[in-house]
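K.L.:
got a sequence here, can you model it:
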Amino acid sequence: MPTTLISVLAALAALALVVVRRSRPRPVAEEALRKPLILSAVGLFLLRDTLLDAPDVAFLVLTAVLALGLGAVRGSVVRITQRGQALFTSWGPACFATLGALVVLRLGVDAGAVALGVASTTVGQSVLFALGLSLLAESAVVAHRTGRPALALR
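P.N.:
You can find the predicted model right below:
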């Protein structure tokens, strides 16, 4: 199985897990930057053998900007509720809409990128990188909103 296909399937599995976990209330203490950082690092690691030309680098920068921006927007609309002394987060319709926007935008950017000469391997291998950055921005915004930036280091 080609590495690009494995990367895309891994990203889809990670996305499914994220959607299931974040659709249910979970303690804010579980909101951490470590997992999204690891996901982003794995995404970059998958690009290690890819020769990156200027269009590839521009594509990765655009991908990062889109992922970080929409992740931050999603973090700003995450539901935060209080139960006793504990804070909980969960995704509502706005979070799912923002995630859907990221997927649609990413598909459009991917199609345009390949047409403009970005290597298809760069496009396929960067999916985990983008997902990780999106979750990283979301978690950072939630940590800020809850006034618990120390959670970001867990």
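K.L.:
so residue 19 sits against residue 103, correct?
P.N.:
No: when contacts are counted by C-beta atoms under 8 Å, residue 19 is not listed as touching residue 103 (11.1 Å). (Each C-beta comes from the backbone N, C-alpha and C, glycine too.)
K.L.:
count the residues that sit near the closest residue to residue 125 other than its chain neighbours.
P.N.:
Nearest in space to residue 125, with sequence neighbours left out and distances taken as C-beta to C-beta, 6 or more residues apart in numbering, is residue 46 at 4.4 Å. Neighbour count of residue 46, defined by other C-beta atoms under 10 Å: 22.
K.L.:
now swap in the one 4 residues further on and tell me
P.N.:
Residue 50 sits with 16 neighbouring residues when counted by other C-beta under 10 Å.
K.L.:
next one: residue 14
P.N.:
As a burial measure, residue 14 scores 18 neighbours (other C-beta under 10 Å).
K.L.:
show me what the helix or strand hosting it is packed up against.
P.N.:
Assessed by DSSP states H and E, residue 14 sits inside helix 3-22. With contacts defined as 3 or more C-beta pairs under 8 Å, 6 or more residues apart in numbering; DSSP states H and E, the packing partners of helix 3-22 are helix 34-46, helix 93-115, helix 120-125, helix 127-145.
K.L.:
do that again at 6 Å, thanks
P.N.:
If contacts are counted by 3 or more C-beta pairs under 6 Å, 6 or more residues apart in numbering; DSSP states H and E, helix 3-22 sits against helix 120-125, helix 127-145.
K.L.:
alright, that wraps it up for me.
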